[in-house]
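K.L.:
coordinates only, no sequence provided:
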């Protein structure tokens, strides 16, 4: 398409080489797209080095609070999702969440015999995408200004949907416009954890083929859903609930004034070992699952979670336990810190599930199903059931050590 300067071409080549080397790019068609599309021209706000940084997103719009509402996603995440989609030449592809660059990558992959349409609810974002696509020669990409909750008018069916904003639910319109053998790739939030899930359509249900850790700006419009935050010790510590809410939040008053119970599990991890399976196991096995965050400006050092931004926590009435970690000679060991009148029991539960993951599911990945919300419980596979507004999500693990069959009601009140 457009001609780039030599420095930009060198940086683009280096970025593509790195993504191939790291395994984010696996197919020839995705590799060719990354070597062709001038990413810097879709991120004019950023210096060339930042535009081509393999693991760095480029924010393009922020709200009045300084929170990013639109960005050009990091190249490694875009490559991952394009590989999950497995789009082929001649396919019809729809993108939800516009930036321009990802749509251009998809246009390269599907070629002149295929088609790409990208939709965004924000007129500034949609207008910017149209301008940049035209400036780089991708006139054939269709840009639509709309709330994707209701699908795309005058589009018909698509072979692939790629959603590039964080979604809490899957609206019926997305599957209504998905071909019978189509695939939806969506960053889906389940009990606070976001995974880029590649779903294949199977009648009126969706069945996962892969899932990967990711993070995206959140959905706007009718599909927006905000987690609730329970603040403890002023604003130092927060417990984030994506579904449900404690029956008696006041029961946690003073919970951190109690003595800490500390237990170590014997479960170890190597440096840089991915933990996505462990996190998803705990989210699907524990009824009182939530995420703890510690305000860095107010942090007194009272708690020592494994991750101070989003740490796995188990809540049970007036007591809680959270995931901790300590270094070992060749990696790290997971532990649990408990607080409250029943700290021992709550900590033991979390320890037990960590050991169960290590023993039975360390090498496993769950299958994630998405059924219409009206599907009766008896017609669902075994696993953790999360009922949302449009869907019943089921996280199902292999083998007999099945995760809890409990149902979490996430429907908006």
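P.N.:
Okay, I see it. Note that the coordinates shown come from a computational prediction; the quantities given were computed from them, not determined experimentally.

K.L.:
low-confidence bits of this structure, can you list those?
P.N.:
Residue ranges of the chain with pLDDT under 70: 1-6, 61-62, 64-69, 400-413.

K.L.:
how is it carved up into domains?
P.N.:
The chain breaks down into these structural domains: 6-223, 228-361, 367-409 (assignment by automatic domain parsing).

K.L.:
which strand residues bridge the most centrally placed residue in the chain?
P.N.:
With distances taken as CA atoms, centre = their mean, the residue of the chain nearest its centroid is residue 194 (2.7 Å). Judged by DSSP bridges, the bridge partners of residue 194 are residue 189.

K.L.:
test my guess that it contacts residue 215.
P.N.:
Yes: here residue 194 reaches residue 215: they are 6.0 Å apart, a contact under CB atoms under 8 Å. Quick note: C-beta positions are derived from backbone N, CA and C, even for glycine.

K.L.:
pull the contacting residues for residue 183.
P.N.:
For residue 183, the contact set (CB atoms under 8 Å, 6 or more residues apart in numbering) comprises 85, 86, 159, 160, 161, 198, 199, 200, 201, 209.

K.L.:
the stretch 51-200 of the chain: helices as residue ranges?
P.N.:
Listed in chain order, the helices of the stretch 51-200 of the chain (DSSP state H, counting those that start in this stretch) span 75-85, 101-110, 123-135, 172-176.

K.L.:
gap between the third one and the chain center?
P.N.:
Pointing back at helix 123-135 there. Offset of helix 123-135 from its chain centre (CA atoms, centre = their mean, to the nearest Å): 25 Å.

K.L.:
and what of the last one?
P.N.:
Going by CA atoms, centre = their mean, the spacing between the C-alpha centre of helix 172-176 and its chain's C-alpha centre is 20 Å.

K.L.:
got the buried residues for that helix?
P.N.:
Using 16 or more other CB atoms under 10 Å as the test for burial, helix 172-176 gives 172, 174, 175.

K.L.:
so which elements touch it?
P.N.:
Where contact means 3 or more CB pairs under 8 Å, 6 or more residues apart in numbering; DSSP states H and E, helix 172-176 is packed against strand 178-190.

K.L.:
need the contact list for the closest residue to residue 112 other than its chain neighbours.
P.N.:
Counting by CB to CB, 6 or more residues apart in numbering, residue 112 lies nearest to residue 140, which is 7.6 Å off, once chain neighbours are set aside. By CB under 8 Å, 6+ apart, the contact list for residue 140 reads 107, 112, 115, 116.

K.L.:
now the residue lying closest to residue 165 once chain neighbours are set aside: how far from residue 52?
P.N.:
Once flanking residues are discounted, residue 165 sits nearest to residue 97: 3.9 Å by CB to CB, 6+ apart. Note on residue 97: its distance to residue 52, by CB to CB, to the nearest Å, is 21 Å.

K.L.:
looking at these two now, which is surrounded by more residues?
P.N.:
For the pair residue 97 and residue 52, the greater number of neighbours falls to residue 97 (28 against 24), based on other CB atoms under 10 Å.

K.L.:
that one against residue 166, yeah?
P.N.:
No: with contact defined as CB under 8 Å, residue 97 and residue 166 do not form a contacting pair (9.2 Å).

K.L.:
between those two, what contacts are shared?
P.N.:
Residues touching both residue 97 and residue 166 (CB under 8 Å, 6+ apart) are 216, 217.

K.L.:
quick one: residues in contact with stretch 38-55.
P.N.:
Contacts of stretch 38-55 (CB under 8 Å, 6+ apart): 1-2, 4, 7-8, 11-12, 14-15, 18-19, 22, 24, 56, 58-60, 72, 74-76, 99-101, 104, 132, 135-136.

K.L.:
buried subset of those residues as a PyMOL selection?
P.N.:
Buried subset of the contacts of stretch 38-55, written as a PyMOL selection, criterion 16+ other CB under 10 Å:
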select buried, resi 1+4+8+11+12+15+18+19+24+56+58+59+60+72+74+75+76+99+100+101+104+132+136
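
K.L.:
for this structure, what's the longest helix?
P.N.:
helix 6-22 (DSSP state H).

K.L.:
contacting residues for residue 373?
P.N.:
Residue 373 touches 387, 388, 389, 390, 391, 392, 411, counting by CB under 8 Å, 6+ apart.

K.L.:
from those residues, which land in strands?
P.N.:
In this view, these that belong to strands under DSSP state E are 387, 391, 392.

K.L.:
any chance of those residues in TSV, plus distance to residue 326 and neighbour count?
P.N.:
Output for those, formatted as TSV (distance: CB to CB, whole Å; neighbours: other CB atoms under 10 Å):
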residue	distance to residue 326	neighbour count
387	38	18
391	39	24
392	39	22
